[in-house]
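Participant: I'd like to go over a predicted model; first the sequence, then the structure.
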Amino acid sequence: MRSSDIVSAAARGDSAALQALLTDVRRIAYRYCRARLGGLPAGIQAADDAAQEVCVAVLRSLPRYEDRGLPFEAFVYGIASNKVADAMRTTLRAPEPTPEVPDALDVDADPLAGVIRAERSSDTWALLDQLTPVQREIITLRVAVGMTADEVAASLGMTPGAVRVAQHRALGRLRSIVSEDQGDRWDQGDQGDQEGGDRDASSR
């Protein structure tokens, strides 16, 4: 996100600063909205619409924005989380099937990379749904949005240490789920091979 000087300049109406700020807001908002809404029916379109609404809300709120020592990301997150909640209610009330499958989350710089890369996108949503709401929010903000632990802490009203602990537990939970799932697949494969061998033996 841009520096506080850029935010202040944008709030005063500087067009260049405003354009730069909204570019960053759009990027952050879309990543967050897509991570939260991508697994729902018509979720990709809903994420795009929600991100646009975040930009509009930020633009309208800028003249009244006060720097209280928190990262601007926390301000954007507060708006985005409300827009996502609205979009979830709307999407679930009026589901619209879509053939598009969301891309996997961008986890290149995160230790979760090995887990996410091993799963298809549809599995990613199912994995995240098995976390607690706070854990899911932390993973979304840290992995999909790319926020630091300090920025996530400010956004969620936690300490950076608590964010890191919760993230560590969430990653452990995800790895455990994936490990168990892979074990089940191996068991099913072995059982299928055994049944196939039994049929071959009986046919001789």
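Facilitator: Cool, got the structure.

Participant: only C-alpha atoms from now on, for both contacts and neighbour counts.
Facilitator: OK.

Participant: burial count for Gly78?
Facilitator: 13 (other C-alpha atoms under 10 Å).

Participant: wait, doesn't it sit right on Ala154?
Facilitator: No. Using C-alpha atoms under 8 Å, Gly78 makes no contact with Ala154, being 10.6 Å away.

Participant: shaky segments in this structure?
Facilitator: Scanning the chain with the threshold set as pLDDT under 70 gives 1-3, 91-123, 183-204.

Participant: ok, 90 please
Facilitator: 1-5, 35-46, 63-71, 87-130, 143-146, 177-204 (pLDDT under 90).

Participant: quick one: neighbours of the nearest residue to Arg142 once chain neighbours are set aside, just the number.
Facilitator: Closest residue in space to Arg142, ignoring its immediate chain neighbours: Thr148 at 6.4 Å, by C-alpha to C-alpha, 6 or more residues apart in numbering. By the measure other C-alpha under 10 Å, the count of residues near Thr148 is 14.

Participant: next, work out how far apart Ala29 and Ala11 are.
Facilitator: Separation of Ala29 from Ala11 (C-alpha to C-alpha, to the nearest Å): 19 Å.

Participant: check Gln45 too.
Facilitator: 29 Å.

Participant: ok, those two, which is more surrounded?
Facilitator: Taking other C-alpha under 10 Å, Gln45 and Ala11 do not tie; Ala11 has more neighbours (21 against 15).

Participant: so how many other residues sit close to Ala16?
Facilitator: Ala16: 11 neighbours (other C-alpha under 10 Å).

Participant: residue contacts, it?
Facilitator: Ala10 (C-alpha atoms under 8 Å, 6 or more residues apart in numbering).

Participant: hey, C-alpha coordinates of the helix or strand harbouring it in PDB?
Facilitator: Element membership for Ala16, per DSSP states H and E: helix 15-37. This file holds the C-alpha atoms of helix 15-37, laid out as PDB (Å, rounded to 0.1, in the frame of the first residue of the first chain):
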ATOM      1  CA  SER A  15      -5.500  13.400  -8.800                       C
ATOM      2  CA  ALA A  16      -2.200  11.600  -9.300                       C
ATOM      3  CA  ALA A  17      -2.100  10.500  -5.700                       C
ATOM      4  CA  LEU A  18      -5.800   9.400  -5.900                       C
ATOM      5  CA  GLN A  19      -5.200   7.300  -9.000                       C
ATOM      6  CA  ALA A  20      -2.200   5.600  -7.400                       C
ATOM      7  CA  LEU A  21      -4.100   4.900  -4.200                       C
ATOM      8  CA  LEU A  22      -7.100   3.500  -5.900                       C
ATOM      9  CA  THR A  23      -4.900   1.200  -8.000                       C
ATOM     10  CA  ASP A  24      -3.600  -0.300  -4.800                       C
ATOM     11  CA  VAL A  25      -7.000  -0.400  -3.200                       C
ATOM     12  CA  ARG A  26      -8.400  -2.200  -6.200                       C
ATOM     13  CA  ARG A  27      -5.600  -4.800  -6.100                       C
ATOM     14  CA  ILE A  28      -5.900  -5.500  -2.400                       C
ATOM     15  CA  ALA A  29      -9.700  -5.500  -2.500                       C
ATOM     16  CA  TYR A  30      -9.900  -7.900  -5.500                       C
ATOM     17  CA  ARG A  31      -7.500 -10.400  -4.000                       C
ATOM     18  CA  TYR A  32      -9.400 -10.400  -0.700                       C
ATOM     19  CA  CYS A  33     -12.800 -10.600  -2.300                       C
ATOM     20  CA  ARG A  34     -11.800 -13.300  -4.700                       C
ATOM     21  CA  ALA A  35     -10.200 -15.400  -1.900                       C
ATOM     22  CA  ARG A  36     -13.500 -15.100   0.100                       C
ATOM     23  CA  LEU A  37     -16.000 -15.400  -2.700                       C
END
